[in-house]
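A.B. asks: Let me see the structure of the following:
(chains A and B)
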Amino acid sequence: MSALLDIRNATLKFGGVVAVNDLSFTVEEGEVYAIVGPNGAGKSTVFNLISRFYDPFSGAITFDGNNLLDRKADEVADLGIARTFQNIELFEHATVLQNLLVGRHRHRRTTLVEEMLFTPRVRREEKRHREAVEEVIDFLDLQPYRNKMIAGLPYGVRKVVEVGRALATGPRLLLLDEPASGLSVEETQDMRWWIDDIRKQMGITVLMVEHDMGLVSGVSDRVLALADGAKLAEGTPAEVQSDPAVIEAYLGAGAA
Amino acid sequence: MRIHFKTSYEHDIRLFADWWSFFVYAALIVVAVALPWIMDEFYLGEVTNVLIWAIAGLGLMLLTGQTGQASLGHAAFLAVGCYANVIFMELGLPFLIAFPLAGIVTGIVGTIIAIPAIRMHGIYLAIATIALSILTDDLIVLLEPITNGVSGKFAPTITIFGIEIERWTTPDRFYWLVLAVTVLCTLAYRNLLRAPLGRAMAAVRDSEVSATAMGVHIARTKAASFGISCAITGLAGALMGFYAGAFNNETFSIVISITLLMMIVIGGLGSIHGAFFGAVVVAFLPQALSIAKDSIGGGSVAIPGLETGVFGLILILFIMFEPMGIYGRWMKIRIWFELFPFARKDMFKRQKSYLKTERLR
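C.D. replies: Below you'll find the predicted structure:
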């Protein structure tokens, strides 16, 4: 099995703070890989490194043989990496449908002038985009909200729309930044089935940051525990949960 | 209440939601075309003015309402369009070539200016564009050999296939010309909104971070928005030149820039209707004020700053009580009637917006 995502010796510092410290891990094609860790461990920073919002101080990140560090933030989606945000970053003053259609932006084949004239080609392309988006809407049961403005939607639905927008890009690797944070028990359960289906039905590799250990152990194949930007433990959910170093990081020394 | 039962993707893509709204807009166009036979020349001129402002408003709306980039310098692009058009015509180009060319030139100028401007956010962009507006005034004076400086220029008579069009002698023809440009600009705007670029602009407006993560090139999208916005504004500027007849460096002052921005805020940011509603307010406010002054018997008394004062007051009231502008109010009234008697008072209450990350900026 070849690694889809390969992060090697990545280090990122903000002034004197070492956010990510010599971190290496690989994500294999077709697996669900979870990153856990206490607050400030650098989980979201790892995501922002992969999304190219931050430049690593040193180290290498490759995705499917492409050097990610050669790409700009807006070129990452073209490679097939899509992400969600911890604090929901949806397009507030647009409908759910429009949000998902923005996800299709990397498949845009038409030019500005064509779009202003709305040529038959643009119309054909639009239909193609909509077909792809409707599949995502069906998959995530978003039909009741299709034409609703994001600004009026409840939090739980927004979370799902975020996942939907990422799926609409047609990714190979999906980065989920705390998909279950702020969700009710039922919504978390739904999210769990969806993550399972994303991997099994769509064949998309999932890398997620999550605090809900129930969700993590339910869906993930491998778990990486981070503390202070460095790797604490890696392995199956059960292995990581019983690792003394992880328990110490969460509960303090002596708890084990 | 009308329910749209969609059976194909075409329903979502096409211009009109249903036959009813198609008929409404068709009727509107018919009335607009027939207007010269209904109205007298004075009011026809005023309606022409409204339409020209609406085109300029559409231009700024694309940039500010759709892409979220405030510009207080759009009078500069009105000026570029106006001067470019007249200079092209003086060089002997026919109107049908000079006019679109003026739009394209303004668009290119706008894109070039956008290259440094798109690095700025919010208030800084507004300040930079104010500077642009002030600079244009000076530039027109400095470029006297081309622009005639302070003494200004006169708009030539338009000839399209041998038909002469002039603001004063043939106001009806001029009105139809402006109407045609308005319809074309509105269609182009509407088409953009239902295409990927328009959605990318909205994405840039609402969240640059996630737009980037979706593969939207922020700088390119903003530059495109600047370009199209300035092109449309340039066309409006060219028409404004014909409407005014004569213009110089002071015609397109910073006051015009500010009025334009106020206009789209009052009309309703982010909607095509907003540009038109705002244009009606801007164009008819001075008339309404002078009529009101006459009726209370103070017609001959000049009150300095009355117009700007009232304008400012209206703007403040709108921002306080109806941030969605006239279009927002219009939608609320419409929905109230459509749902009658089931509309609830809290239906339009703004939902709490959840925390947004500013960390990545």
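
A.B. asks: For the stretch 51-200 of chain B, which residue gets nearest to chain A?
C.D. replies: Chain A sits closest to B:Ala195 of the stretch 51-200 of chain B, with a gap of 3.6 Å, by C-beta to the nearest C-beta. Glycine gets a C-beta too; all of them are placed from N, C-alpha and C.

A.B. asks: Not including adjacent chain positions, what is the nearest residue to that residue?
C.D. replies: A:Glu115 (3.6 Å; C-beta to C-beta, 6 or more residues apart in numbering or on different chains).

A.B. asks: What residues sit buried inside whichever strand or helix holds that neighbour?
C.D. replies: A:Glu115 is part of helix A:112-117, with elements assigned from DSSP states H and E. By 16 or more other C-beta atoms under 10 Å in any protein chain shown, the buried positions in helix A:112-117 come out as A:Glu114, A:Glu115, A:Met116.

A.B. asks: Could you measure from the first one over to chain B?
C.D. replies: Right, A:Glu114. 8 Å (C-beta to the nearest C-beta, to the nearest Å).

A.B. asks: Return the per-residue confidence for that residue.
C.D. replies: With respect to pLDDT, A:Glu114 has a value of 91.

A.B. asks: State the distance from the residue of the stretch 1-150 of chain A at minimum distance from chain B to A:Ala94.
C.D. replies: Closest contact between the stretch 1-150 of chain A and chain B, by C-beta to the nearest C-beta, is at A:Ala77 (3.2 Å). For A:Ala77, the distance to A:Ala94 equals 18 Å [C-beta to C-beta, to the nearest Å].

A.B. asks: Now do the SS call for B:Trp37.
C.D. replies: helix (DSSP: H, G, I helix; E, B strand; the rest coil).

A.B. asks: go on, B:Pro286?
C.D. replies: Applying three-state DSSP: B:Pro286 is helix.

A.B. asks: wait, isn't A:Thr188 in contact with A:Leu215?
C.D. replies: Yes - using C-beta atoms under 8 Å, A:Thr188 is in contact with A:Leu215, at 5.9 Å.

A.B. asks: what residues are shared contacts of those two?
C.D. replies: Counting by C-beta atoms under 8 Å, 6 or more residues apart in numbering or on different chains, the residues touching both A:Thr188 and A:Leu215 are A:Ala180.

A.B. asks: Identify the residues contacting the residue of the stretch 51-200 of chain B closest to chain A.
C.D. replies: A:Thr110, A:Glu115, A:Met116, A:Phe118, A:Val122, A:Glu126.

A.B. asks: Taking those residues, tell me the two that lie furthest apart.
C.D. replies: A:Met116 and A:Glu126 (13.9 Å; C-beta to C-beta).

A.B. asks: quick one: contacts for the nearest residue to A:Arg128 once chain neighbours are set aside?
C.D. replies: Nearest-residue entry for A:Arg128: A:His107, 7.8 Å, with adjacent residues in sequence omitted and distances by C-beta to C-beta, 6+ apart. Applying C-beta under 8 Å, 6+ apart to A:His107 gives the contacts A:Arg128, A:His129, A:Ala132, A:Gly170.

A.B. asks: got it, and B:Ala70?
C.D. replies: B:Thr64, B:Gly122, B:Ile123, B:Leu125, B:Ala126, B:Thr129, B:Leu261.

A.B. asks: try 6 Å this time
C.D. replies: For B:Ala70, the contact set (C-beta atoms under 6 Å, 6 or more residues apart in numbering or on different chains) comprises B:Thr64, B:Leu125, B:Ala126.

A.B. asks: which element is it on?
C.D. replies: Applying DSSP H and E, one finds B:Ala70 in no helix or strand.

A.B. asks: and it, what pLDDT?
C.D. replies: So B:Ala70 comes in at 87 (pLDDT).

A.B. asks: do the same with B:Arg361
C.D. replies: 39.

A.B. asks: Double-check that A:Val160 belongs to a helix.
C.D. replies: Yes - with three-state DSSP as the criterion, A:Val160 is located in a helix.

A.B. asks: so B:Thr182 is in which element?
C.D. replies: Per DSSP H and E: helix B:171-193 holds B:Thr182.

A.B. asks: what's next to that helix, contact-wise?
C.D. replies: Contacts for helix B:171-193 (C-beta under 6 Å, 6+ apart): A:115-116, A:118, B:32, B:36, B:41, B:44-45, B:48, B:51-52, B:55, B:58, B:165, B:167, B:198, B:232, B:239, B:272.

A.B. asks: residue contacts, the nearest residue to A:Thr188 once chain neighbours are set aside?
C.D. replies: Of all residues not flanking A:Thr188 in the chain, A:Ala180 sits nearest, at 4.4 Å (C-beta to C-beta, 6+ apart). Applying C-beta under 6 Å, 6+ apart to A:Ala180 gives the contacts A:Thr188, A:Met191, A:Asp212, A:Leu215.

A.B. asks: Can I get the helix holding A:Glu115 in CSV, CA atoms only?
C.D. replies: Extracted in CSV, the C-alpha atoms of helix A:112-117 (Å, rounded to 0.1, in the frame of the first residue of the first chain):
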residue,chain,number,x,y,z
LEU,A,112,-15.5,34.9,-18.0
VAL,A,113,-16.9,36.0,-21.4
GLU,A,114,-18.7,32.7,-21.9
GLU,A,115,-20.3,33.0,-18.5
MET,A,116,-21.4,36.5,-19.1
LEU,A,117,-23.1,35.4,-22.3
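
A.B. asks: now it: how far from the chain's centre is it?
C.D. replies: 33 Å (C-alpha atoms, centre = their mean, to the nearest Å).

A.B. asks: Could you do stretch B:335-347 as well?
C.D. replies: Counting by C-alpha atoms, centre = their mean, stretch B:335-347 comes out at 31 Å from the chain centroid.

A.B. asks: Residue of the stretch 201-350 of chain B nearest chain A, please.
C.D. replies: For the stretch 201-350 of chain B, C-beta to the nearest C-beta, closest residue to chain A: B:Gly215, 3.2 Å.
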